[in-house]
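Undergrad: Sequence plus predicted model, see below.
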Amino acid sequence: MSPVAGASGPSWFRGLRRAEAAIVAGEKAVCALAMAVMLVSTALTVLARNAAIPMPNYGELGLAALVPLTLIGGALCTAVGSHIAIDIIQNLSSRIVTRISEIAVAVATVVFAWIYTDSGIHLLIEFRETGDKLLDLGTPLWILALCFPVGMALMAFHALMRVLALFLAGDAGETGGAAT
């Protein structure tokens, strides 16, 4: 169910669902861009090695693209309800067990996101202070570390939206209120 189409609940919640739909669209764009970077950088690296073309190791960019793909993609999975734990919950027959499980998964997701946000902030600060970079192209590591707090904040937001949708719209078990 799209957060806009068929949205129910108070107007402030419908507004949050529209905002979530826009965020999900952004997450999809980031993931698509990360996969495109991985594809192109890997192809260039393979071409350079097999044709003995002297060029930098663009494969580094492909490896770096794994960070936003993993962290922003994890938030996207939370939004669309495609984590394994959520898939299992959606197949439960008891509505009360499903609701309790949804809340438990959301709480666990928020705790997970909090821990990784804290770790990511420490990494971000350390990489900014030290100026650490990847070896071949000098990609600054702080940019990659920034994906930790951003991705985890998005993950926590989507988990909280699932719980709100459960109580206010009664449909968190379907897609968590985000567009798929």
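TA: Structure received. Keep in mind that what you see is a predicted model, and the values were worked out from it rather than measured.

Undergrad: Identify the residues contacting residue 42.
TA: 59, 62 (Cβ atoms under 8 Å, 6 or more residues apart in numbering). Where C-beta positions appear, they are placed from N, C-alpha and C, glycine not excepted.

Undergrad: Now with 10 Å, please.
TA: The contact partners of residue 42, taken as Cβ atoms under 10 Å, 6 or more residues apart in numbering, are 58, 59, 61, 62, 63, 65.

Undergrad: Looks like residue 9 contacts residue 18 (just checking).
TA: No - applying Cβ atoms under 10 Å as the test, residue 9 and residue 18 come out as separate, 11.9 Å apart.

Undergrad: more neighbours, those two?
TA: residue 9 (17 against 14; other Cβ atoms under 10 Å).

Undergrad: Using the three-state scheme, assign that one.
TA: Three-state call for residue 9 (DSSP: H, G, I helix; E, B strand; the rest coil): coil.

Undergrad: which one is it nearest to, not counting chain neighbours?
TA: The spatial neighbour of residue 9 that comes closest, neighbours along the chain excluded (Cβ to Cβ, 6 or more residues apart in numbering), is residue 168 at 3.6 Å.

Undergrad: roughly how far apart are that neighbour and residue 21?
TA: Distance of residue 168 to residue 21, computed by Cβ to Cβ, to the nearest Å: 16 Å.

Undergrad: Among the contacts of residue 42, which one sits closest to residue 74?
TA: Among these, residue 65 lies closest to residue 74 (Cβ to Cβ), at 14.6 Å.

Undergrad: Wasn't the closest one part of a strand?
TA: No - secondary structure of residue 65 (three-state DSSP): helix, not part of a strand.

Undergrad: per-residue confidence for it?
TA: pLDDT, residue 65: 95.

Undergrad: Equivalent analysis for the one 5 residues further on, please.
TA: Here the pLDDT value assigned to residue 70 is 94.

Undergrad: Pull up the gap between it and residue 11, please.
TA: Remark: distance between residue 70 and residue 11 (Cβ to Cβ) = 35 Å.

Undergrad: same check, this time on residue 137
TA: 48 Å.

Undergrad: In terms of neighbours, single out the busier of these two.
TA: Using other Cβ under 10 Å as the criterion, residue 137 and residue 11 rank with residue 137 on top: 14 against 8.

Undergrad: looking at it, the more buried one is touching residue 44, isn't it?
TA: No - counting by Cβ under 10 Å, residue 137 stays clear of residue 44, with 11.8 Å between them.
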